[in-house]
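Enquirer: Quick one, structure for this:
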Amino acid sequence: MISMKKLIKGEKGASLAIALIFLAIGAIMLPPLLMLIGSGLQQGTAIEERTAGIYDSDAGVEWAINLIKTGGVGLPNEQDSSRTYILSALNGDTLKVTLTYDNEGSYYNVISTASLNGKSITTRATLKYQLGGSGLFDNAITSLDGDVIIKNNTTVSSFPNMDNGNIIANGDIIVGSSANIDIEGSATASGTITGGVGNIEQGYFPNTAINTSTLDTSLFMLEAMSAADGTIKIASAYNSGGTINGDTHLIGNLSISSNKTLTVNENLYIEGSFTTTSNSTFNFGGTALYVSGNLDFKSNSHINFTNPAGCLVYVAGSMTVSSNNTFNGPLTFIANGNLTLKSNTDCLLTPNQRPPLIISETGTVIIDSNVDIIGIVYAPNGHLELSANTDITGCVIAQSITMNSNSSITFRTDWNLSALDPYLNGNSVELKILTWDTQTVLGG
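Expert: Numbering: from 1, shown residues only. Below you'll find the model as predicted:
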């Protein structure tokens, strides 16, 4: 048999034939291969552009969240409900963010669009927000670490022209069948929500994590101690009344005798306890009263806070206000221990320069029957008990809360609470992302 090697031996042009064969094969395979490579490059570019567009459109929402949280300039409001922002280009994308304010539900709707090469990626989000100090005070009832118990024949409602008035519990919300709940907010609990919850416009959210801010009440204590360096005097010298001028530091217990009047025209620091007796009168014209012991305003004593700018009363011990006392004006009452308001006591703390607060820092707040309060009741480390026929116009915040029969809470915080912003810890802004949806739009 003649081998192939012998056949081509000495034949000229054989290498050319082999080369032409390989060239023909390459000509057949190369175009599809180049098309495959080109298609891969195009797909890779498209995927990179889409990924960058998604990141960029999401970044627009994050930018809007930061703007809301920081209360930045240019936020839409009730008068100008929608605004559009053109942000610096990201990854070559043109980024446009439209922010719309929904006053009825306290929501922001965000539309963030990143556009490049005739395509756009749009992220839509709905954000529930609480700004500044309002995160703590936007609720009619807030339980920080316990249950909210609203018994039969109670009422929770909103002041005229006031929206929201949520009920928040880091625990359960338990409502009596005959309770009258009529608020424009929502009911949210880390546990369960049971009973006759009534008319709650924005719905119910059981088994939801609760996150709230707190007040740094130690700053109130420092503020109240302004007269610690004042003129030192003996407290017992004023049990029979008299007049004190200038910032004064009293040493010892002060107990104003019956039918006697003590008038203090400036700030007062009492290094001891302070007691008024029946038919005694205490006129206070300063802005800060500090008591290092307990404070007990007895029944039928006459206490007048006369400074129009308001007054801060801080008690390092417990504070008790007995029956038949009435307080008016811009006042803040703070007790480190328990705080008790007995029957027929009215604290109508309409604010001026000072927010209207009733606070127990570490103890409980007990409000007896037939007590009227205009203001905010705050007991971050204790229980709040509302007895029968107690009416609060404002809001309540406590470790846990019980409303007994015939008590009522009317949500109201239309006061200027910005003065409390420096006292806020934790989340001074609470913002919940209710929806977050991304979509691709061809052709811009």
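
Enquirer: could you give the mean pLDDT of the longest strand seen in the chain?
Expert: The strand that spans the most residues within the chain, counting by DSSP state E, is strand 372-386. Mean pLDDT, strand 372-386: 94.

Enquirer: partners of that strand, with directions?
Expert: Here strand 372-386 is paired, per DSSP bridges, with strand 346-348 (parallel), strand 357-360 (parallel), strand 365-367 (parallel), strand 391-403 (parallel).

Enquirer: could you dump these to JSON lines with mean pLDDT?
Expert: Formatted as JSON lines, the strands paired with strand 372-386 follow (pLDDT from 0 to 100):
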{"stretch": "strand 346-348", "mean pLDDT": "84"}
{"stretch": "strand 357-360", "mean pLDDT": "95"}
{"stretch": "strand 365-367", "mean pLDDT": "93"}
{"stretch": "strand 391-403", "mean pLDDT": "95"}
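
Enquirer: which one of the ones you listed lies closest to Ala187?
Expert: strand 391-403 (13.3 Å; CB to CB). (Each C-beta comes from the backbone N, C-alpha and C, glycine too.)

Enquirer: Name the next helix or strand following that closest one along the chain.
Expert: Sequence order places strand 408-411 as the next helix or strand after strand 391-403, per DSSP states H and E.

Enquirer: Which strands or helices does that following strand pack on?
Expert: With contacts taken as 3 or more CB pairs under 8 Å, 6 or more residues apart in numbering; DSSP states H and E, strand 408-411 sits against strand 139-143, strand 155-158, strand 391-403.

Enquirer: Just name the most buried of those strands.
Expert: Of all the helices and strands packed on strand 408-411, strand 139-143 carries the top mean neighbour count, a mean of 26, counting by mean count of other CB atoms under 10 Å.

Enquirer: Which secondary structure elements does the helix or strand that that one is followed by sit against?
Expert: For strand 139-143, the following helix or strand on the C-terminal side (DSSP H and E) is strand 148-150. Using 3+ CB pairs under 8 Å, 6+ apart as the contact test, the elements touching strand 148-150 are strand 173-175, strand 391-403.

Enquirer: Make TSV out of the strands paired with strand 372-386 and add distance to Asn170.
Expert: Below are these laid out as TSV (distance: least, CB to CB, whole Å):
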stretch	distance to Asn170
strand 346-348	27
strand 357-360	18
strand 365-367	18
strand 391-403	9
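
Enquirer: if we compare the ones you listed, which one ends up closest to Tyr107?
Expert: Smallest distance to Tyr107 across the strands paired with strand 372-386 (CB to CB): 20.8 Å, for strand 391-403.

Enquirer: chain center to the closest one: distance?
Expert: On the basis of CA atoms, centre = their mean, to the nearest Å, strand 391-403 sits 16 Å off its chain's mean C-alpha point.

Enquirer: Tell me what angle that strand forms with strand 139-143.
Expert: Orientation check (axes from the mean of the first three to the mean of the last three CA atoms, to 10 degrees): strand 391-403 against strand 139-143 gives 30 degrees.

Enquirer: Show the residue spans covered by the helices in this protein.
Expert: Assigned helices in the chain, in chain order: 4-8, 14-69, 134-137, 218-224 (criterion: DSSP state H).

Enquirer: What average pLDDT does the last one get?
Expert: Per-residue confidence for helix 218-224 averages out to 90 on the pLDDT scale.

Enquirer: Same check on the shortest one?
Expert: For helix 134-137, the per-residue pLDDT values average out at 70.

Enquirer: returning to that earlier point: out of the strands paired with strand 372-386, nearest to Asn338?
Expert: Per CB to CB, nearest to Asn338 of these: strand 357-360, 6.2 Å.

Enquirer: Please spell out which residues along the closest one are buried.
Expert: Leu357, Ile358, Ile359, Ser360 (16 or more other CB atoms under 10 Å).

Enquirer: Between those, which sits nearest Ile141?
Expert: Ile358 (15.1 Å).

Enquirer: got the contact list for that closest one?
Expert: Phe333, Leu339, Leu341, Cys347, Leu349, Val365, Ile373, Gly375, Ile376, Val377, Tyr378 (CB atoms under 8 Å, 6 or more residues apart in numbering).
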